[in-house]
Every structure is written in structure tokens, then in C-alpha cells.
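*Asks:* sequence and predicted structure are below.
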Amino acid sequence: MPDDFEDITYVVDDGLAWVTIDRPDRYNAFRARTVEELIDALKRAWADPAVGVVCLTGAGDKAFCTGGDQKQRAETGDYGPSRSGLFEVEALHRVIREIPKPVIAAVNGYAIGGGHVLHVVCDITIAADHARFGQTGPKVGSFDAGFGTAYLARVVGEKRAREIWMFCRQYDAAQALAWGLVNEVVPMAELRATVRRWADEALALSPTALGFLKHSFNADTESIAGISAMGFAALDMFVGSDEAGEGVEAFNEKRPPDFGRFR
Ligand code: S0N
């Protein structure tokens, strides 16, 4: 299949598909096209019997992904064009969960906002020791009322998940490991080799058993998908508001937001 990706790269190496968000000048933030390409790549990995494990990562050593592209949002009021005309973040979460193969997030820097949610929904997270984690929605006028909140609470517990969203702090890799938000922390220079090692362990196991196990783990949290659909519909309405606009403008003007008048 010809590789017509613009925002990502897709490379299969000995059973492991590397899916890399390739927008380092935007700290690997995603626009609609990026999300569409990520979905295509994951489906390609799903369909390919030569692939047993997927790794999602970001180009460079600054960022894994910093969520929705706030510059695009300021320029055009949306996340730019896609073939379908949709901005399918919710569908991306679903395909990461539904592909019956382990998906490993290799966090090579900031995992922030919608980028943080991406690693949360992956099966495994391996982080470089300089990685930083956090949500920014209430700072920039967005929220994730689905897997980004409810499933995060399953991972780290209610109190920590609420702290993460309600205070928009950043957490280092050691803290993320202590909270069970990541599986392993390694020096950046060892990140890819570590993913390779984890992938090789999984590649030696029964793919059918792994697939059913993944479905089984998902079954327990599947009700979140319904909340997620409602949350993203609400978000679509909220992002057009003056309140959300203040968050985007503040980020792009490099100043703190002033939400006082919306209280
Ligand atoms: C990552 C942060 C903390 C890094 O800070 P630092 O080290 O001070 O570097 P900066 O100078 O800030 O950044 C370096 C350069 O990278 C650009 N950049 C960084 N992040 C983004 C981004 N998300 N979009 C576009 N550009 C980005 C900077 O602008 C800078 O470039 P220059 O040098 O040219 O100025 C810090 O950068 C940070 O906090 N980034 C923003 C993180 C953020 O708020 N992300 C968005 C959070 N929200 C979402 O992801 C939700 C989107 C969504 O899922 C959605 C879904 C469906 C429907 C609607 C939505 C919706 O929300 O609209």
C-alpha cells in the first residue's frame, strides 16, 4: 500500500509497527488530518498479519503529543481539513482500544492535553526519563469527558485523576511511575530498544489469546464509550464559545487566560 501520510510515519519492523506523529515544530500536536492518518495507520496494523504489536510515539525528543493543535485552532477556528470532514479524536481512542494487538505508547517528551489521553488509552506506556505528563483542558478551553477522565480514574484513582484535570499541573516520569500511569521509565537513549524488548516478549505469545485478553480488559470500561460520545458532542458546542476562545487566545498570545467573567 502506498504511504501517503503527511503528518505521521508508519514503519513495520519485524512484527512491530511504529506509528510516529511527525509534527515536531508543533510539539506533535494533532490536527484533523493527523488524527485521520493515525486511525488509518492503526487499521493498517490491525489488518496486517505481519504486525503483532503497535508502538505509538512522537518525532524528536521534545514531545510525544501535546493534543489538539492550538495554532490551527486560532487560525481557522477548527482543527483543519480531513478527507472525511470530521475531527475524529473519539474514533482514534476507540481504534487504539479495539485493535486486538498490544499498543505501546513510547512517551518521548511532553504527553499533554489530548496527547496525554492518547497514552492513557494505550495498553502499555514506556516513558523517557525527561517525559512530562498532564492535562491542560481547563486552561485552553477544552475537556475530555470520556476515556480521558473516567478511564484515567481507573488507572490512577479518583483523587489523582481529579487533581490532574482540576489543577492542570505537570508531573515528571518518576511521579507518573509511582502513580501507575506508566509501566517503565528509561533514559531517552534506551526508549526505542526498550519498546523493542517489550514487543519481542509479546510477539512470542499467542496472538489470539492476547486479542481476547484485550477485549476482556476493555469490556469492563466499555460503558465509558457512551459517556465519551456525549462528552465530545458537548465539547464540539463548547469550543465555539467565548469562554473556550479565551483559552486558545491566551495560549497563542503566551499569557495566562482570564476566565473571571465566565464564572
Ligand atoms: C507542551 C507545553 C507544556 C510545552 O511548554 P514549553 O516547553 O514552554 O514550550 P512552548 O514554547 O509552549 O511550546 C514549544 C512550541 O510548540 C508549540 N506548541 C506546543 N503545544 C502546541 C499545541 N498543542 N498546538 C500547537 N502548537 C503547540 C508552541 O506554540 C511553541 O511554538 P513557538 O515556539 O512557535 O511559539 C506547552 O506548549 C503547552 O501547554 N502546550 C499546549 C498543550 C494544550 O493545551 N493542548 C491542547 C489540549 N486540548 C486538547 O488536546 C483537546 C483537543 C480535543 O481533543 C478535541 C477533541 C474533539 C473536539 C474538540 C476538541 C477540542 O478541544 O477543541
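*Replies:* The structure has been received and is ready for your questions. Predicted model, so just to flag it, every value in this text is computed and none were measured.
*Asks:* touching, residue 53 and residue 17? I think so.
*Replies:* Yes - under the contact definition of CB atoms under 8 Å, residue 53 touches residue 17, with a separation of 7.3 Å. Using the backbone N, CA and C atoms, a C-beta is placed for each residue, glycine as well.
*Asks:* for the closest residue to residue 50 other than its chain neighbours, pull up the helix or strand it's in.
*Replies:* Leaving aside its sequence neighbours, residue 50 sits nearest to residue 12 (CB to CB, 6 or more residues apart in numbering; 6.2 Å). With elements taken from DSSP states H and E, the one containing residue 12 is strand 8-13.
*Asks:* mind checking the pLDDT average for stretch 124-137?
*Replies:* Per-residue pLDDT values over stretch 124-137 give a mean of 98.
*Asks:* any part of that stretch near the ligand?
*Replies:* Yes - judged by CB under 6 Å from any ligand atom, stretch 124-137 and the ligand are in contact via 136-137.
*Asks:* only C-alpha atoms, please: export that stretch in CSV.
*Replies:* Coordinates of each C-alpha in stretch 124-137 appear next as CSV, following Å, rounded to 0.1, in the frame of the first residue of the first chain:
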residue,chain,number,x,y,z
ILE,A,124,1.2,0.0,28.0
THR,A,125,3.2,3.2,28.5
ILE,A,126,7.0,3.3,28.4
ALA,A,127,8.4,6.8,29.2
ALA,A,128,11.7,8.5,28.7
ASP,A,129,13.0,9.9,32.0
HIS,A,130,12.5,13.5,30.8
ALA,A,131,8.9,12.9,29.9
ARG,A,132,6.2,15.2,31.4
PHE,A,133,2.5,14.4,31.8
GLY,A,134,-0.6,16.5,32.3
GLN,A,135,-3.9,17.8,31.2
THR,A,136,-4.5,21.4,30.1
GLY,A,137,-8.1,21.4,29.0
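*Asks:* for that stretch, buried residues please.
*Replies:* When burial is assessed from 16 or more other CB atoms under 10 Å, stretch 124-137 yields the following buried residues: 124-128, 130-137.
*Asks:* which member of those is positioned nearest residue 168?
*Replies:* Closest to residue 168 out of the buried residues of stretch 124-137 is residue 136 (5.4 Å), distances taken as CB to CB.
*Asks:* what residues of the worst-scoring helix or strand of the chain on mean pLDDT count as buried?
*Replies:* Within the chain, no helix or strand scores below helix 70-76, which has a mean of 91 by mean pLDDT, DSSP states H and E. Burial within helix 70-76, assessed by neighbour count using 16+ other CB under 10 Å, is assigned to 70, 72-73.
*Asks:* same question for stretch 5-18.
*Replies:* In stretch 5-18, the ones that count as buried by 16+ other CB under 10 Å are 5, 7-10, 15-18.
*Asks:* which one of these is nearest to residue 48?
*Replies:* Ranking these by separation from residue 48, with CB to CB as the measure, puts residue 17 on top at 7.3 Å.
*Asks:* which residues are in contact with that closest one?
*Replies:* Each residue near residue 17 by CB atoms under 8 Å, 6 or more residues apart in numbering is listed here: 10-11, 41, 44-45, 48, 51, 53-55.
*Asks:* before we move on, what about residue 256?
*Replies:* Neighbouring residues of residue 256 by CB under 8 Å, 6+ apart: residue 250.
*Asks:* output the set of residues of the stretch 101-250 of the chain in proximity to the ligand.
*Replies:* Applying CB under 6 Å from any ligand atom, we find that the stretch 101-250 of the chain lies next to the ligand at 110, 112-114, 136-137, 140, 142, 144, 232, 235-236, 239.
*Asks:* give me that answer again for 5 Å
*Replies:* Contact residues of the stretch 101-250 of the chain with respect to the ligand, defined by CB under 5 Å from any ligand atom, are listed as 110, 112-114, 136, 140, 142, 235, 239.
*Asks:* any of these buried? List them.
*Replies:* Applying the neighbour count, that is 16+ other CB under 10 Å, the buried entries in these are 110, 112-114, 136, 140, 142, 235, 239.
*Asks:* fine by me, we can end here.
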